[in-house]
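Asker: Just to be clear, the model below is a prediction. Sequence and coordinates:
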Amino acid sequence: MDEAFRRYEHCLFSFVSPVMNVLFLLGALHQEADSVSLRVDPNKLQFFEYEPLTFHCEGFSGSTGWKFVRQSKGEVPSCKSNSKVTSTGSSCTIINVYPDDSGEYWCEDGERKRSNSINITVTAGSVILESPALPVMEGKTVTLSCRNKTTSSNLTAGFYKDGLLMGSSSTGEMIIHSVSRSDEGLYKCKISGAGESAESWLAVRGELLQGFQHI
């Protein structure tokens with residue numbers, strides 16, 4: 001009797017487990033498909049003073065009253081009058097950014113439904129680190145670029161993660177192949193004689209559909 005029950009329990013688990021995995025993944029896919037996303041153009045987290053910055057709020061339908069918000073500051077003033085609305089979202093451009101524009105941004109509707117947030121840093125200094133503004137999928141290639149405001153020429157730069165030197169590059173770029181969760185962290189760069197950038201967080205996320213391969 002016990003042996004028969006164990007076989008029944010094993011068969012039931014073998015059937016239910018894959019079904020639950022599928023339902024979980026489908027739910028996650030539905031939630032992701034229905035979510036609102038904020039992205040920025042150019043796709044980076046750090047900007048020199050006076051550079052242009054465009055926000056794009058995408059992925060919503062049927063909602064009205066969307067606005068661009070900065071933490072502790074409320075709605076972005078320059079976005080109140082020059083936002084452009086499309087069938088898939090809304091966009092807003094700040095023609096010239098200033099250090100005071102640094103902060104965490106997101107978009108939300110009248111019911112306070114929020115998008116993801118993006119932490120922007122604007123500097124009056126001479127060096128910035130260009131890194132992806134949104135999380136990077138595991139397995140992808142990521143390029144980090146160290147930029148000098150006063151010249152477009154490539155300069156040797158040192159790259160740091162969580163305060164530790166990762167290496168130097170004569171091209172001013174560091175390439176991370178097949179990025180993984182272990183690559184997440186705070187990155188900055190330094191150019192001798194020019195200065196160093198602020199720190200920005202590099203986020204990495206797993207591939208949602210990978211779970212189907214193991215069902």
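Answerer: Perfect, I can see it now. Numbering: from 1, shown residues only.
Asker: could you show me where the helices are in the protein, in order?
Answerer: For the chain, applying DSSP state H gives helices covering 2-33, 77-82.
Asker: Tell me the pLDDT of the residue nearest the centre of the chain.
Answerer: Central residue of the chain (C-alpha atoms, centre = their mean): L134, 1.5 Å from the mean position. On pLDDT, L134 comes in at 96.
Asker: P18 too?
Answerer: pLDDT, P18: 50.
Asker: Which residue ranges make up each domain of the chain?
Answerer: Domain assignment for the chain by automatic domain parsing gives 1-34, 36-124, 126-215.
Asker: what pLDDT, on average, does stretch 203-211 get?
Answerer: Mean predicted confidence for stretch 203-211 is 71.
Asker: How about stretch 103-117?
Answerer: For stretch 103-117, mean pLDDT rounds to 86.
Asker: Now do that stretch: everything it contacts.
Answerer: Applying C-beta atoms under 8 Å, 6 or more residues apart in numbering, the contact partners of stretch 103-117 are 35-38, 40, 55, 57, 60, 63-73, 76, 90, 118-120, 134. For the C-beta atoms, the positions are set from N, CA and C on the backbone; glycine is no exception.
Asker: Between the helices of the chain, which has the poorest mean confidence score?
Answerer: When those are compared by mean pLDDT, helix 2-33 comes last with a mean of 47.
Asker: Contacts only, for G139.
Answerer: Contacts for G139 (C-beta under 8 Å, 6+ apart) come out as S178, V179, S180, E207.
Asker: Tell me how far it lies from I176.
Answerer: 11 Å (C-beta to C-beta, to the nearest Å).
Asker: Mind pulling up the pLDDT for S153?
Answerer: With respect to pLDDT, S153 scores 81.
Asker: oh sorry, the question was meant for S126
Answerer: pLDDT recorded at S126 is 97.
Asker: Likewise for the one 3 residues further on?
Answerer: pLDDT, L129: 98.
Asker: That one contacts Y187, doesn't it?
Answerer: Yes - L129 lies in contact with Y187 (C-beta atoms under 8 Å); the separation is 6.1 Å.
Asker: Now do the shared contacts for these two.
Answerer: L144, E199, S200.
Asker: burial of the residue lying closest to the last one once chain neighbours are set aside, as a residue count?
Answerer: Sequence neighbours aside, L45 is the residue nearest to S200 in space, at 4.3 Å (criterion: C-beta to C-beta, 6 or more residues apart in numbering). L45 has 22 neighbouring residues, counting by other C-beta atoms under 10 Å.
Asker: what's the answer for S170, then?
Answerer: When counting by other C-beta under 10 Å, one arrives at 9 neighbours for S170.
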